[in-house]
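In: Sequence first, then the predicted structure:
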Amino acid sequence: MSEKEEKSPDGVKYFRLSEIEAQNSFKSTWIIIHNKVYNVTKFLDEHPGGEEVLREQAGGNATESFEDVGHSTDAREMASSMVIGELHPVSLREPLRSSMTHLPRT
Ligand code: HEM
């Protein structure tokens, strides 16, 4: 890693949008919901909504689709166990890509 690991004052790991976008493959799936970063790689198989919807959001902002589904409290608690960090404050100013402009997976 060339960049020093960055953390907020209370120890939350920050990820740049570019780092999150890179985690979009068959090996690793990260998504963003409300500016938090989730590693859903191990959850793909277990997701009641299926693995494809998560893969479609990989590396990008899944907030709207997550909220559109009206996920239960249980689902939200489940999600909180998959948080690995937050979007870096610098990246909050970058436009978040939605699935509409999704790039093909490599
Ligand atoms: C960490 C993130 C997520 C977790 C933990 C999660 C968990 C769940 C759970 C537990 C359910 C069952 C219903 C419920 O309890 O609300 C569900 C349903 C569903 N989820 Fe997710 N979900 C996540 C992200 C997403 C995202 C990003 C999408 C859309 C792109 C999505 C689409 C759906 C759909 C369509 C269903 C409905 C399935 C059905 O009723 O047939 N989920 N999810």
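Out: Arrived safely.

In: burial of the residue of the chain found nearest the ligand, as a residue count?
Out: Nearest residue of the chain to the ligand (CB to the nearest ligand atom) works out as Gly49 at 2.4 Å. For the C-beta atoms, the positions are set from N, CA and C on the backbone; glycine is no exception. For Gly49, the neighbour count with other CB atoms under 10 Å is 12.

In: contacting residues for it?
Out: Gly49 sits next to Val69 when contact means CB atoms under 8 Å, 6 or more residues apart in numbering.

In: Check the gap between it and Glu6 for me.
Out: Using CB to CB, to the nearest Å, Gly49 is found at 32 Å from Glu6.

In: Then Leu54?
Out: Leu54 is 26 Å from Glu6, by CB to CB.

In: Which one's more surrounded, the two?
Out: Neighbours around Leu54 and Glu6, counted as other CB under 10 Å, are more numerous at Leu54. The numbers are 20 against 14.

In: what's the closest residue in space to the more buried one that isn't next to it in sequence in contact with, if anything?
Out: Computed as CB to CB, 6 or more residues apart in numbering, the closest residue to Leu54 that is not its neighbour in sequence is Val40, at 5.3 Å. Shown in contact with Val40 (CB under 8 Å, 6+ apart): 29-31, 47, 54, 82.
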